[in-house]
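Trainee: next input, structure requested:
(2 chains)
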There are 2 protein chains.
Amino acid sequence: MNLKSYLHQRQNLVNKALNRYLPLPKSVKGPVHEAMRYSVLGEGKRIRPVLALAACEAAGGTVPQAIHAACALEMIHAYSLVHDDLPAMDDDDFRRGKPSCHKKYGEAMGILAGDALMTFAFELLTHSKAKPATQIKVIREIAQAIGTEGMIGGQVADVVFASGSKKVDPKTMDYINRRKTGALLSASVRVGALLGGANAATYRRFARYGENIGLVFQLIDDILDKDGAVRGSSVEAVRKRAERLTDEGITALKPFGKRAEPLRQLARFLVTRGS
Amino acid sequence: MNLKSYLHQRQNLVNKALNRYLPLPKSVKGPVHEAMRYSVLGEGKRIRPVLALAACEAAGGTVPQAIHAACALEMIHAYSLVHDDLPAMDDDDFRRGKPSCHKKYGEAMGILAGDALMTFAFELLTHSKAKPATQIKVIREIAQAIGTEGMIGGQVADVVFASGSKKVDPKTMDYINRRKTGALLSASVRVGALLGGANAATYRRFARYGENIGLVFQLIDDILDKDGAVRGSSVEAVRKRAERLTDEGITALKPFGKRAEPLRQLARFLVTRGS
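Mentor: Residues are numbered from 1 along each chain as shown, chains lettered A, B, ... in the order given. Modelled structure (predicted):
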């Protein structure tokens, strides 16, 4: 399997589906639909959707079974970036090389476009072709991953510590980052597996893989962040830990043979970023 | 039936459930949980939850079948108020007689608490005791009612017209308000009916009632709004229209006899507000 062409093909599938699902900018709702499309379409590695699709296939499912969820995950990721960029939050003027959503459409539309992307993601999740009981599990997994025990929790800790005078220790930084980024990445894998028809034992294996690569993603980010907690001699130790976690995650996928090859290569790809 | 004691009893049930479901303010997530509780608990007529519970019972269900959805509807209503009050939106310093959420907890926490309330509402909807297929219908109804075709759409139109120089005509004002307020009120009734076990024909009757009272709520708001579009001689005409819509809504509930009495009285209560 060639990872590059696999990624390219899956990203294309996701981009086409996103373009099809996102509402068109017309009538009085035009501005918010335009802001939603601006924030989702275009650049983006689509890591969460690709993980969901790959997990679905590895669990024995097909792309159409997970495409709604894959797109919903990307819309949720986009919503979190749009709100994070707002002046009251990280106050970022640029995102993926272009003006951030609120810079282009105004702050009110930034708030509303973020709200609308999250809302639309949940609506989209009700349109998947899975059994209703599976759909409910998927919705619950995602809501938990992006709530105050997950993504929003990480963001809150970030805001609290940024406003305080205390220096953030590495353990707290780990807490923040694991939730801000790791929770949704791990959920993408679990959700894909559920939609692919995973039973309880299979699900646990995918959950293990997802947990590990979520953590690895963050560890590598810490290494790549020159102002981050990981410097000098600790880089080597962190990289070793990331490699061990990757190996463990890959081992968890053993029973799924060739079908899980994209997930294995994705894990290797994520751990070797920037090295 | 005494409406006042009925309302009082249902509001108490809802307030207790909200207090039980909302996460406690502890650990690093403390601030956002506190802001969520601050924005939901305390004052509030709980119109949406009461409508959902009353519709559930009128359709033959019981309170426990709709209590999760009832609380989710109130959390969604609270999220919309928290985001509406933000400086970039309506910039309101007070809400229900106390400082608005962002005034008390800061703007970043206002954005995050609103996001978290919506997220938590969707999670709560997956915990109802209904059949998964019904849960999915409920989640879809709510997501649609608060998306760009509903609540957010109304808010967007509001922002667009507020920033323009053109005077807003009554028809546009109607569009905005129907979506900003009416969509979620109507959905509350439909969702309650679904959770109460309504079949397709029953559902249509509740939908008719819900549609009408959503509109009536807005018409009365327009009359009560001294700066609004409804003034002088047109007050009488609008009140007549609201009464006709109320009668139609009540007529739709005819097959449900005594069980629908709370919904009938609620409709009468909503149309006589301020008169």
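Trainee: and the helix or strand of chain A with the lowest mean pLDDT, how far out from the chain's middle?
Mentor: Ranking every helix and strand in chain A by mean pLDDT, DSSP states H and E puts helix A:170-177 at the bottom, with a mean of 76. Relative to the centre of its chain, helix A:170-177 is centred 18 Å away, using CA atoms, centre = their mean, to the nearest Å.
Trainee: cool, and stretch A:234-247?
Mentor: That offset, for stretch A:234-247, works out to 21 Å (CA atoms, centre = their mean).
Trainee: coming back round to it: any part of the helix or strand following the least confident helix or strand of chain A near chain B?
Mentor: Toward the C-terminal end, the helix or strand that comes next after helix A:170-177 (DSSP states H and E) is helix A:183-195. No - applying CB under 8 Å from any CB of the partner chain, one finds helix A:183-195 separated from chain B by no less than 11.8 Å. Placement of C-beta: from N, CA and C, glycine included.
Trainee: against which helices or strands is the next helix or strand after helix A:183-195 packed?
Mentor: Using DSSP H and E, the next helix or strand after helix A:183-195 towards the C-terminus is helix A:200-224. Packing partners of helix A:200-224 (3 or more CB pairs under 8 Å, 6 or more residues apart in numbering or on different chains; DSSP states H and E): helix A:47-58, helix A:170-177, helix A:183-195, helix A:234-252, helix A:261-271.
Trainee: how about helix A:200-224: buried residues?
Mentor: Along helix A:200-224, these residues count as buried under the neighbour rule (16 or more other CB atoms under 10 Å in any protein chain shown): A:202-203, A:205-223.
Trainee: quick revisit: need the helices and strands packed on helix A:200-224 in TSV with mean neighbour count, can you?
Mentor: Below are the helices and strands packed on helix A:200-224 laid out as TSV (neighbours: other CB atoms under 10 Å in any protein chain shown):
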stretch	mean neighbour count
helix A:47-58	28
helix A:170-177	17
helix A:183-195	28
helix A:234-252	16
helix A:261-271	21
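Trainee: run the chain-centre distance for stretch A:85-105.
Mentor: Distance, centroid of stretch A:85-105 to centroid of chain: 19 Å (CA atoms, centre = their mean).
Trainee: dump the C-alpha coordinates for it into CSV.
Mentor: This file holds the C-alpha atoms of stretch A:85-105, laid out as CSV (Å, rounded to 0.1, in the frame of the first residue of the first chain):
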residue,chain,number,x,y,z
ASP,A,85,-9.3,32.1,16.7
LEU,A,86,-11.8,34.7,18.1
PRO,A,87,-10.4,37.9,19.7
ALA,A,88,-11.5,36.9,23.1
MET,A,89,-9.8,33.5,22.8
ASP,A,90,-6.4,33.1,20.9
ASP,A,91,-7.0,36.2,18.8
ASP,A,92,-5.5,34.7,15.6
ASP,A,93,-5.8,36.7,12.4
PHE,A,94,-4.7,33.9,10.1
ARG,A,95,-5.5,30.3,9.8
ARG,A,96,-4.2,27.9,7.2
GLY,A,97,-2.5,30.8,5.4
LYS,A,98,-5.7,32.9,4.9
PRO,A,99,-7.6,35.4,7.1
SER,A,100,-9.3,33.6,10.0
CYS,A,101,-13.1,33.4,9.8
HIS,A,102,-13.9,36.4,12.0
LYS,A,103,-11.2,38.5,10.2
LYS,A,104,-13.0,37.9,6.9
TYR,A,105,-16.7,37.9,8.0
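Trainee: that stretch close to chain B?
Mentor: Yes - under the criterion of CB under 8 Å from any CB, chain B is reached by stretch A:85-105 at A:86, A:88-89.
Trainee: show residues contacting that stretch.
Mentor: With contact meaning CB atoms under 8 Å, 6 or more residues apart in numbering or on different chains, stretch A:85-105 is reached by A:31, A:34-35, A:38-39, A:42-44, A:81-84, A:107, A:109-111, A:113-114, A:155, A:159, B:106-108, B:110-111.
Trainee: from those residues, list just the buried residues.
Mentor: Buried among these by 16+ other CB under 10 Å: A:31, A:34-35, A:38-39, A:44, A:81-84, A:107, A:109-111, A:113-114, A:155, A:159, B:106-108, B:110-111.
Trainee: okay, and which of the residues you listed map to helices?
Mentor: Using DSSP state H, A:31, A:34-35, A:38-39, A:81-84, A:107, A:109-111, A:113-114, A:155, A:159, B:107-108, B:110-111 are the members of these that sit in helices.
Trainee: if you rank the residues of stretch A:85-105 next to chain B by neighbours, which is first?
Mentor: residue A:86 (22 neighbours; other CB atoms under 10 Å in any protein chain shown).
Trainee: tell me the pLDDT of residue A:29.
Mentor: We have a pLDDT of 79 for residue A:29.
Trainee: assign it to helix, strand or coil.
Mentor: Three-state assignment for residue A:29 (DSSP: H, G, I helix; E, B strand; the rest coil): helix.
Trainee: tell me the spacing between it and residue B:148.
Mentor: 5 Å (CB to CB, to the nearest Å).
Trainee: go on, residue A:93?
Mentor: Computed as CB to CB, the residue A:93 to residue B:148 distance reads 25 Å.
Trainee: please enumerate the shared neighbours of residue A:29 and residue B:148.
Mentor: A:23, B:156.
Trainee: looking at these two, which is more packed in?
Mentor: Higher neighbour count among residue A:29 and residue B:148: residue B:148, with 26 against 23, using other CB under 10 Å.
Trainee: that one touches residue A:120, doesn't it?
Mentor: Yes - contact criterion CB atoms under 8 Å: residue B:148 and residue A:120 qualify, at 7.4 Å.
Trainee: okay, now the unreliable bits of the stretch 51-200 of chain A?
Mentor: Segments of the stretch 51-200 of chain A classed as low confidence (criterion: pLDDT under 70) are A:165-166.
Trainee: please redo it, this time with the cut-off set to 90
Mentor: Counting by pLDDT under 90, the stretch 51-200 of chain A contains low-confidence ranges at A:96-97, A:157-181.
Trainee: ok, the nearest residue to residue A:1 once chain neighbours are set aside to chain B distance?
Mentor: In space, residue A:1 comes closest to residue A:261 once its chain neighbours are excluded; the distance is 5.0 Å by CB to CB, 6 or more residues apart in numbering or on different chains. Here the criterion is CB to the nearest CB, to the nearest Å. By it, residue A:261 lies 33 Å from chain B.
Trainee: local confidence estimate at residue A:261?
Mentor: As summarised for this prediction, residue A:261 has a pLDDT of 96.
Trainee: do residue A:228 as well
Mentor: Per the predicted model, pLDDT is 64 at residue A:228.
Trainee: then the one 10 residues further on?
Mentor: With respect to pLDDT, residue A:238 has a value of 88.
Trainee: quick one: it from chain B, how far?
Mentor: Taking CB to the nearest CB, one finds residue A:238 at 23 Å from chain B.
Trainee: which one of the helices and strands packed on helix A:200-224 lies nearest to residue B:144?
Mentor: Taking CB to CB, helix A:183-195 is the member of the helices and strands packed on helix A:200-224 nearest to residue B:144, at 21.7 Å.
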